[in-house]
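**Q** Compute the structure for the input listed below.
(chains A and B)
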There are 2 protein chains.
Amino acid sequence: MGTHTYRTVLLGRGNVASHLKEALSETGHQVIPVGGRDRTQPIPTDADLYIIAVTDSAIASVAAEIGDVKGLVVHTAGSVPMSVLPQQNRGVLYPLQTFTKGRPVDMQEVPLFIESDGDLPLLREVAYHISQHVTEMDSQRRCYLHLAAVFCCNFTNHMYRLTEKMLSQHDIPFSVMLPLIDETARKVHSLSPAQAQTGPAVRWNHEVMQAQINLLEREDLRQLYQIISQSIHLDKLQSQEG
Amino acid sequence: MGTHTYRTVLLGRGNVASHLKEALSETGHQVIPVGGRDRTQPIPTDADLYIIAVTDSAIASVAAEIGDVKGLVVHTAGSVPMSVLPQQNRGVLYPLQTFTKGRPVDMQEVPLFIESDGDLPLLREVAYHISQHVTEMDSQRRCYLHLAAVFCCNFTNHMYRLTEKMLSQHDIPFSVMLPLIDETARKVHSLSPAQAQTGPAVRWNHEVMQAQINLLEREDLRQLYQIISQSIHLDKLQSQEG
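**A** Numbers count the residues shown, from 1 in each chain, chains lettered A, B, ... in the order given. Coordinates of the predicted model:
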């Protein structure tokens, strides 16, 4: 770990901003939070680093407000290209994690993906202060990374949500599912998800699948069940061919 | 824990059978494995307990082969009603977990759901030998439990699988996703999945969603992305109303 600390302006009030603020302060950096879009404070012009941790659609306008500074200006979004920043000294610091307000996250374990066509060494140094896992990746590949994260985090969490709703309709506590949820996540640490798959769709147990579709009252959930089951089955057929 | 041990005939050669065999043997029960449908051994007629751990569609025929015995006959399936068993002394022992051959599972932590209109005390006793978590549940509610398990285990694992495929197309190792997968699972231990949701769909960030759909080359994955995103958004609207 380097011994330099940097004057860092942090723009944003959301979950990513608050988690970065904590991690940077803990590693000795001077963090100057100046809020998000609706801030009243002026933005300092002499900082070493500016981190724009605001909602995707506001990044360009916040960057424009920062204007022509010497310090490195980075945003933290997965799907926004670095080129949205007008500064010459610019970059991206994308933490691949799901952040919820008030829920502590060990930032040292969060993979960070960085990119810069300006002061990359400074960005790399700060990134390694925050986390042990730092990878350089360009904007195009980062988009795929973010897309993949949507599937294995947001879409997975929605499967948990649908589970919770089904169970609550039958007065079964969601907590009975936690050992299964944990084991499903643990399995893919040592098996590929293709090897780890179980259940009616991969076996194409048509009788069980039809019975389960009939249990679903809502048409949108029936459709979702069918589409995911078909996708599981198609993937198995392709794996066998390949 | 009771001190009785029982002569247990285990029918089946799959993952559930092998995990149950191990757990029962460890707790001192005499387990007589007699294979599945294609067995050559005769089925003993004087056992205390018969556990049919075969694929759903074979349960009825294996039960018919067991025939008229005094011992308790149970199957282990989530979506098959107890009534498929012709015996008077019958029941169900459903372990709510995903089992993969060769992968050890701590059965003491696996929730077991039991049902019997025969010797329920014996089933309860054996179930508590296997696991600390035993719940009585009838066949109708168990179907919903199994349906919910398909969503939060099999469908979740498929999200991991789709993630793996997307990443491998861009030479990104699946392992970068493991901290995110783990945190997504951990979060729902203390937050409801509705509170835990993050990402473009719950914020209805249309620009990111459209860009992500455009990154998906296959039409079936585009459809899947749209349907799950709509379901996330619909759920959020309903939660706000409710």
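**Q** How many residues are close by the nearest residue to A:G28 once chain neighbours are set aside?
**A** Excluding the flanking residues, the one nearest A:G28 by C-beta to C-beta, 6 or more residues apart in numbering or on different chains is A:T5, at 4.7 Å. Any C-beta I mention is one placed from the backbone N, CA and C, and that applies to glycine too. Using other C-beta atoms under 10 Å in any protein chain shown, A:T5 has 14 neighbouring residues.
**Q** likewise A:S18?
**A** 17.
**Q** Next up, identify which helix or strand the residue nearest to A:G28 is on.
**A** Assigned by DSSP states H and E, A:T5 belongs to no helix or strand.
**Q** Ok, the one 3 residues further on next?
**A** Secondary-structure element containing A:T8, defined by DSSP H and E: strand A:7-11.
**Q** Go ahead and name everything in contact with the very next helix or strand once past that strand.
**A** Counting by DSSP H and E, the element after strand A:7-11 in chain order, helix or strand, is helix A:15-26. Helix A:15-26 has contacts (C-beta atoms under 8 Å, 6 or more residues apart in numbering or on different chains) with A:8, A:10-11, A:31, A:33, A:36, A:51, A:53-54, A:76, A:95, A:99-101, A:105, A:107, A:126, A:129-131, B:198.
**Q** Now intersect those residues with the helices, please.
**A** Of the contacts of helix A:15-26, the ones assigned to helices by DSSP state H are A:V126, A:H129, A:I130.
**Q** Tell me, how many residues neighbour the nearest residue to the last one once chain neighbours are set aside?
**A** Think A:I130. Excluding the flanking residues, the one nearest A:I130 by C-beta to C-beta, 6+ apart is A:A23, at 4.7 Å. Close neighbours of A:A23, defined as other C-beta under 10 Å, add up to 20.
**Q** now swap in A:H129 and tell me
**A** A:H129 is flanked by 21 other residues according to other C-beta under 10 Å.
**Q** Would you check that it makes contact with A:Y6?
**A** No - counting by C-beta atoms under 8 Å, A:H129 sits too far from A:Y6 to count as a contact (9.1 Å).
**Q** anything in contact with each of the two?
**A** A:H29.
**Q** about what we covered before: quick one: the ones in helices among the contacts of helix A:15-26 as CSV, columns for distance to A:E207 too.
**A** Below are the ones in helices among the contacts of helix A:15-26 laid out as CSV (distance: C-beta to C-beta, whole Å):
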residue, distance to A:E207
A:V126, 57
A:H129, 56
A:I130, 52
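**Q** Let me know the closest of these to A:P44.
**A** In terms of C-beta to C-beta, no member of those lies closer to A:P44 than A:V126, at 17.0 Å.
**Q** Looks like the closest one contacts A:Y50 (just checking).
**A** No - A:V126 lies out of contact with A:Y50 (C-beta under 8 Å); the separation is 11.7 Å.
**Q** returning to what we had before: mind exporting the C-alpha coordinates of the strand holding A:T8 to CSV?
**A** C-alpha atoms of strand A:7-11 as CSV (Å, rounded to 0.1, in the frame of the first residue of the first chain):
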residue,chain,number,x,y,z
ARG,A,7,-7.6,15.2,-1.2
THR,A,8,-10.7,13.6,-2.7
VAL,A,9,-14.0,15.3,-3.6
LEU,A,10,-16.9,12.9,-3.4
LEU,A,11,-20.0,13.8,-5.3
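**Q** for it, what is the average pLDDT?
**A** Strand A:7-11 shows a mean pLDDT of 96.
**Q** That one: how far from the chain's middle?
**A** 21 Å (C-alpha atoms, centre = their mean, to the nearest Å).
**Q** quick one: low-confidence parts of chain A?
**A** Along chain A, segments meeting pLDDT under 70 span A:1-3, A:36-38, A:242.
**Q** go again using 90 as the cut-off
**A** Within chain A, the stretches with pLDDT under 90 are A:1-5, A:15, A:27, A:34-41, A:100-104, A:203, A:239-242.
**Q** sec struct for the residue of chain A positioned farthest from its centre, please.
**A** Relative to the centre of chain A, and counting by C-alpha atoms, centre = their mean, the farthest-placed residue is A:E207 at 37.6 Å. Of the three states, A:E207 takes helix under DSSP: H, G, I helix; E, B strand; the rest coil.
**Q** And it, how close does it get to chain B?
**A** 6 Å (C-beta to the nearest C-beta, to the nearest Å).
**Q** Neighbours of A:Q30, how many?
**A** There are 13 residues near A:Q30, going by other C-beta under 10 Å.
**Q** Then A:R218?
**A** A:R218: 12 neighbours (other C-beta under 10 Å).
**Q** which outside residues touch the helix or strand containing A:A201?
**A** Under the criterion of DSSP H and E, A:A201 resides in helix A:200-203. Under the contact criterion C-beta under 8 Å, 6+ apart, helix A:200-203 has outside partners A:208-209, A:212, A:228-230, A:232-233, A:236, B:55, B:79, B:150, B:154, B:158.
**Q** taking those residues one by one, which sit in helices?
**A** Those of the contacts of helix A:200-203 lying in helices (DSSP H): A:V208, A:M209, A:Q212, A:I228, A:S229, A:Q230, A:I232, A:H233, A:K236, B:H158.
**Q** wait, what's in contact with the fifth one?
**A** Contacts were defined as C-beta under 8 Å, 6+ apart; by that measure A:S229 touches A:P200, A:A201, A:M209.
**Q** From A:A211, how far off is it?
**A** According to C-beta to C-beta, to the nearest Å, A:S229 and A:A211 sit 13 Å apart.
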